[in-house]
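K.L.:
After the sequence you'll find the predicted model.
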Amino acid sequence: MAMNWLELFPTKLTFIIFLLYISLFIGQGIFVTASQEANNSYNYNTITVVLLTEVLKLLVSTSLYCREKSLKNLVRDVRKDSNVMMLYFVPAFLYCLYNNLAFVNLSTFDPTTYYLLLQLRVVITGVLFQIIFKKYLTCRQWISLLLLTFGCMLKQIDLNLLFGNTNNDNPNAVATPAQTKVNGKNMTGFDISLSALLILAQTICSCLAGVYNEYLLKDKGADVNIFVQNVFMYIDSIVCNVLILFINGQLLGAFTTDSLRAIWRFNVIIIIVNNAAIGIVTSFFLKYMNSIVKTFASALELMFTAVFCYFLFAIPIYINTALSITVVSFAIYLYTQSPVVNTGKLRPLNSLTNASQDQRKLLNPDYDTDLEMEMV
C-alpha cells in the first residue's frame, strides 16, 4: 500500500506548513517549561503573556493583509463581515481558555505527558468532524484513530505489573516509571485530581475550537479573506483575555512596570513570538488541510518532545514511551493510506474575489484549470 502523499500534501507549501506546525508546538512546550521557576511556578503573569500574544498575532495579520490592500480596505471588510466576527467569539473564547490552561497544565505535567494526555482529543475530533462536515470516517480511519489513542495510553501503563515484576531492584524488570513525579512534574496523569480535570477541559476546548474554527474558515466565512478572519479571531481573543484579567482582578496590575519588566525577558518573549507563529500557521493549516491531519501532526510532537525533554530537562524515556511512539507511528502510517479529504464545493475560479493568487494555488494545485476546489 503506497502512501497517498499527494492527498495529504497537495503542494510543497502545505508540507512546509505541516512541518512548521509540528516544530512550533514542540518549541512551545519546551519554552514554557524552561521559563518556570524551580517550584514549577511562573514569575510573570501568564494571562498577560497570552494577551500580548494575541496582540502580536493581530499586528502580523494586519500587516500581511496590508501588503496587498490598504488599512482602509481592512476596516471596510471588517464592517462588511461583522456578523462573521461575532461568530468568531466562540472559537476565540475556547482558544483563550486553551492557551491559559496550557500554562497551568505545563506547570503540573512534563511536556511529554502533557502532549500525550492531549491526544485524548483524537476520537472527539473524529466525531465532531463527522457531525459538522458530514465526512464519515471509514473503518480503517477509525482503527487508526483508536490505535493512536491506545498508543498514547501505553505510556501510562506500568509494564512491570503486567509482566509480574513488582520488585524495582530486580535486574530483569522492565524499564518503566519507578516514580510518578520527576522534578515535581506528574509523569502519569491518570489519577483523579484537579489537574486531570484541567487537562480534560483543555482537551475539550481544543477539539471544539479546532473543528468550529475550520467550519468558519470553510463554510460561514469561506468568502472572507483569511487575514480578515484572523483579525476577527485575534480581536475577539484580546477581548476574552481582557475579560479574564478583569474577572481575576488582575486587569490593572497586569500592566504595571514590574509586571511588564518580568515579561520583557528573552525566555518569555520567545514564548510570545512562538505562540503567535502557532496561531498564524494553524489558521493556514485548517484552511488548506483539516482537523484530522492536525490531530496526527500533534501526535508527531510526542516523539520529538520526548527526545528533547530527555536532553534538556533530564526527563527519562521509559520503554512505555518507546512502545507508545511505535504504535502512534503505525497509526499515522495506517491513516495515510486513506486520509480524510475535505475539499468541498466546486466554485468558479473568478468567484474567489478575496483570495490572492498564492492562496488560490494553496487551495488547489491545479490552479490553471477552469474550476477550483473551494471549501465545504
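P.N.:
Alright, I've got the coordinates.

K.L.:
In the stretch 201-350 of the chain, where is pLDDT below threshold?
P.N.:
283, 286, 290-296, 298-299, 335-350 (pLDDT under 70).

K.L.:
Over to the stretch 1-150 of the chain?
P.N.:
Residues of the stretch 1-150 of the chain that meet the criterion pLDDT under 70 lie in 1-8, 122-123, 132-133.

K.L.:
Repeat the analysis, applying 80 as the threshold.
P.N.:
1-11, 116-137, 148-149 (pLDDT under 80).

K.L.:
At which residues are the helices of it located?
P.N.:
5-8, 12-34, 46-66, 71-80, 82-87, 89-106, 111-118, 121-133, 139-154 (DSSP state H, counting those that start in this stretch).

K.L.:
Out of those, the one nearest L200 is which?
P.N.:
Ranking the helices of the stretch 1-150 of the chain by proximity to L200 (C-beta to C-beta) places helix 111-118 first, at 8.3 Å. For the C-beta atoms, the positions are set from N, CA and C on the backbone; glycine is no exception.

K.L.:
Just list what the closest one packs against, helices and strands only.
P.N.:
helix 12-34, helix 194-215, helix 291-313 (3 or more C-beta pairs under 8 Å, 6 or more residues apart in numbering; DSSP states H and E).

K.L.:
Beyond the last one, next helix or strand please.
P.N.:
If I follow you right, that is helix 291-313. Later in the chain than helix 291-313, the nearest helix or strand by DSSP states H and E is helix 319-336.

K.L.:
Could you do the shortest one as well?
P.N.:
Using DSSP H and E, the helix or strand that directly follows helix 194-215 along the chain is helix 226-247.

K.L.:
rewinding a little: which one, of the helices and strands packed on helix 111-118, ends up nearest to Y88?
P.N.:
Using C-beta to C-beta, the helices and strands packed on helix 111-118 put helix 194-215 closest to Y88, at 8.3 Å.

K.L.:
any idea of the angle that closest one forms with helix 226-247?
P.N.:
Orientation check (axes from the mean of the first three to the mean of the last three C-alpha atoms, to 10 degrees): helix 194-215 against helix 226-247 gives 150 degrees.

K.L.:
export the helices and strands packed on helix 111-118 to JSON lines and tack on distance to S41 and mean neighbour count?
P.N.:
JSON lines is the format used below for the helices and strands packed on helix 111-118 (distance: least, C-beta to C-beta, whole Å; neighbours: other C-beta atoms under 10 Å):
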{"stretch": "helix 12-34", "distance to S41": "12", "mean neighbour count": "18"}
{"stretch": "helix 194-215", "distance to S41": "14", "mean neighbour count": "20"}
{"stretch": "helix 291-313", "distance to S41": "16", "mean neighbour count": "20"}
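
K.L.:
Would you confirm that G253 contacts S259?
P.N.:
Yes: in this structure, G253 is within contact of S259 by C-beta atoms under 8 Å, at 6.2 Å.

K.L.:
How much space separates N275 from T125?
P.N.:
Distance of N275 to T125, given as C-beta to C-beta, to the nearest Å: 21 Å.

K.L.:
Please apply the same query to V84.
P.N.:
Taking C-beta to C-beta, one finds V84 at 23 Å from T125.

K.L.:
Between these two, which has more neighbouring residues?
P.N.:
Neighbours of V84 and T125, each counted by other C-beta atoms under 10 Å, are more numerous for T125; the result is 23 against 18.

K.L.:
Now for E68, how many residues are close by?
P.N.:
Neighbours of E68 (other C-beta under 10 Å): 12.
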